[in-house]
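Colleague: Sequence and predicted structure are below.
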Amino acid sequence: MPVYHAVVVKGGQVQFFHAEENSKQVVELNASNKPVYMLNWREKSDVQWAQHAKVSLSAAIQTAEQSQDGAPAMAAGIARSASNPESEVQAYNVLLNRAGRVKRVAVDIATGAVIADPSALSQF
């Protein structure tokens with residue numbers, strides 16, 4: 001059964017969550033039950049990029065959904081240039097449910113524009 005962990009930073013507050021696909025329940029984690037890999041979340045470059053992005057993740061999701069006639073988002077995260085992970089080019093990957101199929105849309109983190117060919121970016 002797939003299990004997901006997420007770090008959510010909103011308004012300077014940090015929350016950790018655990019979700020199991022089959023139960024459809026999301027549980028907030030605390031200091032006693034948080035996985036070890038989540039303890040160093042501030043050091044992850046994705047968090048740094050997201051905190052300094054000109055375009056928010058929620059705005060990128062809205063842009064992606066609008067670009068595909070309102071197809072709803074299923075997941076989203078930061079992508080890097082696959083050919084050069086140190087590249088300054090950053091984007092959000094947004095996975096949409098388009099007529100029962102997964103459609104990936106990449107949105108530029110600096111401009112908010114949909115990237116026509118996201119194949120040069122990492123998946124997540």
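Modeller: Alright, I've got the coordinates. Values in this document were obtained by computation on a predicted structure and should not be read as measured data.

Colleague: What average pLDDT does stretch 68-86 get?
Modeller: Here stretch 68-86 scores 76 as its mean pLDDT.

Colleague: for this structure, what spans make up the strands?
Modeller: 3-10, 13-20, 25-29, 73-80, 90-98, 101-108, 114-115 (DSSP state E).

Colleague: Burial-wise, tell me which of the ones you listed comes out on top.
Modeller: strand 90-98 (a mean of 22; mean count of other CB atoms under 10 Å). To be clear about C-beta, it is placed using only N, CA and C from the backbone, and glycine gets the same treatment.

Colleague: quick one: contacts for residue 27?
Modeller: 17-19 (CB atoms under 8 Å, 6 or more residues apart in numbering).

Colleague: Counting neighbours, what do you get for residue 72?
Modeller: 10 (other CB atoms under 10 Å).

Colleague: ends of stretch 105-112, how far apart?
Modeller: Using CA to CA, to the nearest Å, the end-to-end distance of stretch 105-112 comes to 12 Å.
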